[in-house]
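Asks: here is a sequence together with a model predicted from it:
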Amino acid sequence: MNVIRKAYRSWQANPLFQKTWSWPSLCRVCHAWATQTVCAACLSAAPKPLHRCARCAMPLAASPPTALLQSAFMREPSVCIACLLSPPPWQRCCAALPYAPPWSGLISAYKYQGEAGLVRFLALQMKAHEDIQQLIAQADLLLPVPLSAQRLQQRGFNQSLLLARALSPRQTLPDALLRLRDTPSQAGLPREERLHNLTHAMACNPRYLSTLLGQRVVLVDDVLTTGSTLRACTEALRSAGVSSVDCIVLARATGHEPPQSTLGH
Ligand SMILES: [Zn+2]
Ligand SMILES: [Zn+2]
């Protein structure tokens, strides 16, 4: 039985399988037969949405540590200490999932093992999030974080573009942002080097400057770690005169995950 299940799992990962929606699927976590992408039992056992900072999507501590910060929290109750002290350039950021098992394994399969068909299931996790629905409803445009030409050629698809199209094809503008140079992979770099790595790496496509002017923009990314990529995109968009920038991401990493290749574009 295990041999059949194993053979079926490798067929399930085949791109041809992903074009044939009528095949029964195995749960991607427990490998039970005849279920959805992730079965109900695994979904209920997965980490639940946390109360997160409205600016950076980090999990919020139950209570702030000092009286001074307590008063700041009273004014802005959903913002973490780091964002109070040094706000990010965007306005709001929402994450659908924590970057933790089983989600991290599914995202890794989606990005690094060519399983683009997982986008439907992953986008559903984003659509189920009330704050993400609200940001999309208020936006004029959804802009995916771009990949370099070299990375795009290696992978064959931009994971953020597929997510944006699955969320709202009508609002998605695929190539309004350009990655000017192929920066070294963000994976494994210390925070300071990640921030420096992307300085001046993003720009707005000159073809879309008039389209972007005055627009409410939502950036779409797969995994948020330090925020350096979203920061570089936001700064390029602000220079182009957009009216606001918010961010929606599939998963939020805390920076304490074990070093692995799943973080980074
Ligand atoms: Zn399962
Ligand atoms: Zn924050």
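Replies: It's in. Keep in mind the model is a prediction, meaning the values are calculated, not measured. Ligands and ions are numbered 1, 2, ... in the order given.
Asks: could you look up the SS state of the residue nearest the centre of the chain?
Replies: The centroid of the chain falls nearest to Asp222 when counting by CA atoms, centre = their mean (2.3 Å). The three-state label given to Asp222 by DSSP: H, G, I helix; E, B strand; the rest coil is strand.
Asks: dump the residue contacts of it.
Replies: Residues near Asp222 by CB atoms under 8 Å, 6 or more residues apart in numbering: 107, 110-111, 159-160, 163, 249-251. (Glycine included, C-beta is placed from N, CA and C.)
Asks: got CSV for the residues you listed, with neighbour count and secondary structure too?
Replies: CSV is the format used below for the contacts of Asp222 (neighbours: other CB atoms under 10 Å; DSSP: H, G, I helix; E, B strand; the rest coil):
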residue, neighbour count, secondary structure
Ile107, 21, helix
Tyr110, 23, helix
Lys111, 21, helix
Gln159, 25, helix
Ser160, 26, helix
Leu163, 25, helix
Val249, 27, strand
Leu250, 27, strand
Ala251, 25, strand
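Asks: ok, so of the residues you listed, who is nearest Gly214?
Replies: Set against Gly214, the nearest of the contacts of Asp222 by CB to CB is Ser160 (23.5 Å).
Asks: the closest one against Leu224, yeah?
Replies: No. Counting by CB atoms under 8 Å, Ser160 does not reach Leu224; the two are 11.1 Å apart.
Asks: how about the helices in this structure?
Replies: 2-12, 15-18, 40-45, 67-75, 81-85, 103-112, 119-127, 130-138, 149-155, 159-167, 191-197, 209-212, 228-239 (DSSP state H).
Asks: which one of these has the lowest average pLDDT?
Replies: Mean pLDDT per stretch puts helix 15-18 lowest among these, at a mean of 54.
Asks: and the residue of the stretch 101-250 of the chain nearest ligand 2?
Replies: Per CB to the ion, Gly227 is where the stretch 101-250 of the chain lies closest to ligand 2, at 9.3 Å.
Asks: name all residues that make contact with the residue of the stretch 51-200 of the chain found nearest ligand 1.
Replies: For the stretch 51-200 of the chain, the residue closest to ligand 1 is Pro102, as judged by CB to the ion, at 8.4 Å. Contacts for Pro102 (CB under 8 Å, 6+ apart) come out as 28-29, 38, 42, 46.
Asks: please tell me how far it sits from Cys83.
Replies: Pro102 sits 29 Å away from Cys83, going by CB to CB, to the nearest Å.
Asks: with Leu224 instead?
Replies: Distance of Leu224 to Cys83, computed by CB to CB: 13 Å.
Asks: which one of these two has more residues nearby?
Replies: A count of neighbours by other CB atoms under 10 Å puts Leu224 above the other of Leu224 and Cys83, at 26 against 18.
Asks: bridged to the closest residue to the more buried one other than its chain neighbours, which residues?
Replies: Using CB to CB, 6 or more residues apart in numbering and skipping the chain neighbours, the partner closest in space to Leu224 is Val249 (4.3 Å). For Val249, the beta-bridge partners under DSSP bridges are Ala95, Asp221.
Asks: perfect, that will be all.
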